[in-house]
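Novice: Could you look at this predicted model? Sequence included:
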Amino acid sequence: MKKAGIFILICLLLSACASPAPAEPTTAAETVPTTILTEPTTVPTVPETTEPPQPILELTDEEQFMLLKIGMAERGNTECTECIALVMRTVLNRVEDGRFGKSIRSVLFAQDQYTPVSDGSYYNAEPNGRCYEALEMVLCGWDESQGALYYEWCTGESWHSKNLNLLFQHCDVRFYN
């Protein structure tokens, strides 16, 4: 019962504060127009529909398929789509560099450059969904490769670690130039 009484008292006080004082009679000359100035509010809007990213890198179907296969053969067993995309970007970095070949085909099939090509696993690789996601990322301009030209996954010292400049490590893969 006490709570109800306190609640009613608070409500009465609030309504008294909110009620305007009785108006005194005014003449037309004393009437001052009142306006409330408010700043316009802008609410950011999200577009209703967003179009999927459009490719900015144009590759033939054959070149795309080669990237899918090397991505699968090298890193397709990983849960990390970015690792697969980094492998693909490294191949493209080599093409752009020009010292390793002038096409994806010549880079991939250069002697002793890609273990999956040398041991034949490249030819049996069946790209999975992550490989297709990685390819889409790369085609749409994603490039976190820092210009890497080499990669390897290992834990100890290797020819790469002794002879190349380590750029970064992503998951269990080291990237070099």
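Specialist: Now that the structure is in, tell me what you want to look at. Numbering: from 1, shown residues only.

Novice: does residue 151 sit in a helix, a strand or a coil?
Specialist: strand (DSSP: H, G, I helix; E, B strand; the rest coil).

Novice: ok, it - contacts?
Specialist: 86, 87, 90, 173, 174, 175, 176 (CB atoms under 8 Å, 6 or more residues apart in numbering). Every C-beta, even on glycine, is put in place using the N, C-alpha and C of the backbone.

Novice: For it, which non-adjacent residue is spatially closest?
Specialist: residue 175 (4.9 Å; CB to CB, 6 or more residues apart in numbering).

Novice: what's the farthest-apart pair in the contacts of residue 151?
Specialist: Taking CB to CB as the measure, those span a maximum distance of 13.2 Å, between 87 and 176.

Novice: which one of these two has more residues nearby?
Specialist: residue 87 (27 against 18; other CB atoms under 10 Å).

Novice: So which residues of the protein form helices?
Specialist: 2-18, 61-75, 81-97, 104-108, 115-119, 121-124, 129-139, 159-163 (DSSP state H).

Novice: Dump these to a markdown table, plus mean pLDDT and distance to residue 146.
Specialist: As requested, those are arranged in a markdown table below (pLDDT from 0 to 100; distance: least, CB to CB, whole Å):
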| stretch | mean pLDDT | distance to residue 146 |
| --- | --- | --- |
| helix 2-18 | 46 | 63 |
| helix 61-75 | 97 | 17 |
| helix 81-97 | 97 | 9 |
| helix 104-108 | 98 | 18 |
| helix 115-119 | 96 | 22 |
| helix 121-124 | 96 | 25 |
| helix 129-139 | 97 | 15 |
| helix 159-163 | 93 | 15 |
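
Novice: Looking at the ones you listed, which is nearest to residue 147?
Specialist: helix 81-97 (5.7 Å).

Novice: Go through the contacts of residue 151 and name the one nearest residue 122.
Specialist: residue 87 (11.9 Å).

Novice: The nearest residue to residue 101 once chain neighbours are set aside and residue 66: what is the separation?
Specialist: Nearest residue to residue 101, sequence neighbours excluded (CB to CB, 6+ apart): residue 107, at 4.1 Å. Distance, residue 107 to residue 66, by CB to CB, to the nearest Å: 9 Å.
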